[in-house]
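Engineer: return a 3D structure for these sequence lines:
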Amino acid sequence: MIKSIRSILLTFGVIVIITGCSSLSKAERQELYVKAIPIGQEYFKKYYDADVEFEGYEIKVPMSSTIVLNGHIKDDPQTWVTLSFYLPSLEIKSEG
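Structural biologist: Now for the predicted structure:
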């Protein structure tokens with residue numbers, strides 16, 4: 001009984017340490033966002049001939065190691081776009 005409780009607590013502790021240590025600081029998050037913007041704008045220009053404005057982002061670490069940019073077409077604020085990148089390489093994963 002005590003061994004199983006100890007194992008559960010140890011597993012929980014390891015999970016907390018891993019997820020806590022892999023988080024990014026606010027400055028690191030902002031730096032990734034600033035680096036991803038021109039890549040995303042160039043991507044939409046090249047493949048869709050569209051100028052986009054990104055307005056926000058979401059970083060999904062440690063579960064999927066991605067950053068998702070959210071924005072819209074410059075002349076059409078009703079047409080929303082998203083672009084997902086792998087971290088830390090900023091390789092494009094998907095768009096929508």
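
Engineer: packing partners for the lengthiest strand in the chain?
Structural biologist: Longest strand in the chain, counting residues (DSSP state E): strand 76-86. With contacts taken as 3 or more CB pairs under 8 Å, 6 or more residues apart in numbering; DSSP states H and E, strand 76-86 sits against helix 26-48, strand 66-73, strand 92-95. C-beta here means a position set from N, CA and C on the backbone, and glycine is covered the same way.

Engineer: export the ones you listed as JSON lines, with columns for mean pLDDT.
Structural biologist: Output for those, formatted as JSON lines (pLDDT from 0 to 100):
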{"stretch": "helix 26-48", "mean pLDDT": "92"}
{"stretch": "strand 66-73", "mean pLDDT": "93"}
{"stretch": "strand 92-95", "mean pLDDT": "86"}
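
Engineer: and the ones you listed, which is most packed in?
Structural biologist: Neighbour counts (mean count of other CB atoms under 10 Å) averaged over each of those peak at strand 66-73, with a mean of 18.

Engineer: that strand pairs with which strands?
Structural biologist: strand 52-60 (antiparallel), strand 76-86 (antiparallel) (DSSP bridges).

Engineer: turn those strands into a markdown table, columns for mean neighbour count and mean pLDDT.
Structural biologist: Formatted as a markdown table, the strands paired with strand 66-73 follow (neighbours: other CB atoms under 10 Å; pLDDT from 0 to 100):
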| stretch | mean neighbour count | mean pLDDT |
| --- | --- | --- |
| strand 52-60 | 15 | 91 |
| strand 76-86 | 15 | 92 |
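
Engineer: include distance to residue 38 when you put those strands into a markdown table, please.
Structural biologist: A markdown table is the format used below for the strands paired with strand 66-73 (distance: least, CB to CB, whole Å):
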| stretch | distance to residue 38 |
| --- | --- |
| strand 52-60 | 10 |
| strand 76-86 | 12 |
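
Engineer: and of those, who's closest to residue 30?
Structural biologist: Residue 30 sits nearest to strand 52-60 of all those, at 9.2 Å, using CB to CB.

Engineer: residue 75: what's it in contact with?
Structural biologist: residue 51 (CB atoms under 8 Å, 6 or more residues apart in numbering).
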